[in-house]
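K.L.:
Let's see this in three dimensions:
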Amino acid sequence: MSRYLRRLTVVLALCVVASMSFGVGGYSSVDADRNVSVSVVEDEDAYLAFDDSLGCGVGNNVLVRNQFVGNTTIERIEVDVTAVGGYVRVGVRGPGTQLAPGDSTQLTFLGPYEPGDAARMQVKPPTGNVSGADSLNIELLEATGQGVSVSVATQSYVVNCPGGPSKSTGNDGQGN
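P.N.:
Now for the predicted structure:
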């Protein structure tokens, strides 16, 4: 090996050893300040919006609508529903869960909900001889999708559910 190549090899070896002892510019943590702007907007301008009303006895009420722009898909929506002032049955499908005044239940809606799509829920009169609910309080626990998560929003709805039929009352309402 020539003297020039030997010197070049030694210099390169020293550079490698020096870079290993001092590090190569990597880091294990960063503390960065970033500006975030949060605005409260009306439902018609929100990315995820509650519908204006829920009706008792309506099979598939629109509850929450995906209003994200582009191709933002919501995969899962979880809400907590609380009955106020009486009994009511709520659910995603089927007979639903009967709630007593002040009782809550969690409902999960599985998507995909593309922009413009809506999660729908059922609100039905109670079973048994009990008074119907005046209103429902709905709390959005979380809505998630690819790269997006929305949580902690509430909405109250007047539903005015009628009371359930008396067990002693027949089909004509007079015991027959």
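
K.L.:
Please report how far the nearest residue to residue 135 once chain neighbours are set aside lies from residue 133.
P.N.:
Spatial nearest neighbour of residue 135, chain neighbours left out: residue 84 (4.5 Å); criterion: C-beta to C-beta, 6 or more residues apart in numbering. Heads up, the C-betas are built off the backbone N, CA and C, glycines and all. According to C-beta to C-beta, to the nearest Å, residue 84 stands 6 Å off from residue 133.

K.L.:
Tell me if I'm right that residue 101 and residue 82 touch.
P.N.:
No. Counting by C-beta atoms under 8 Å, residue 101 does not reach residue 82; the two are 9.2 Å apart.

K.L.:
ok, the two, which is more surrounded?
P.N.:
Shown here are residue 101 and residue 82; by other C-beta atoms under 10 Å, residue 82 has more neighbours (20 against 15).

K.L.:
which parts of the helix or strand where that one lies are buried?
P.N.:
Take DSSP states H and E as the rule and residue 82 turns out to sit in strand 74-84. Of the residues in strand 74-84, 74, 77, 79, 81, 82, 83, 84 count as buried by neighbour count, 16 or more other C-beta atoms under 10 Å.

K.L.:
and which of the residues you listed is nearest residue 160?
P.N.:
Distance to residue 160, by C-beta to C-beta, is smallest for residue 84 among these, at 11.2 Å.
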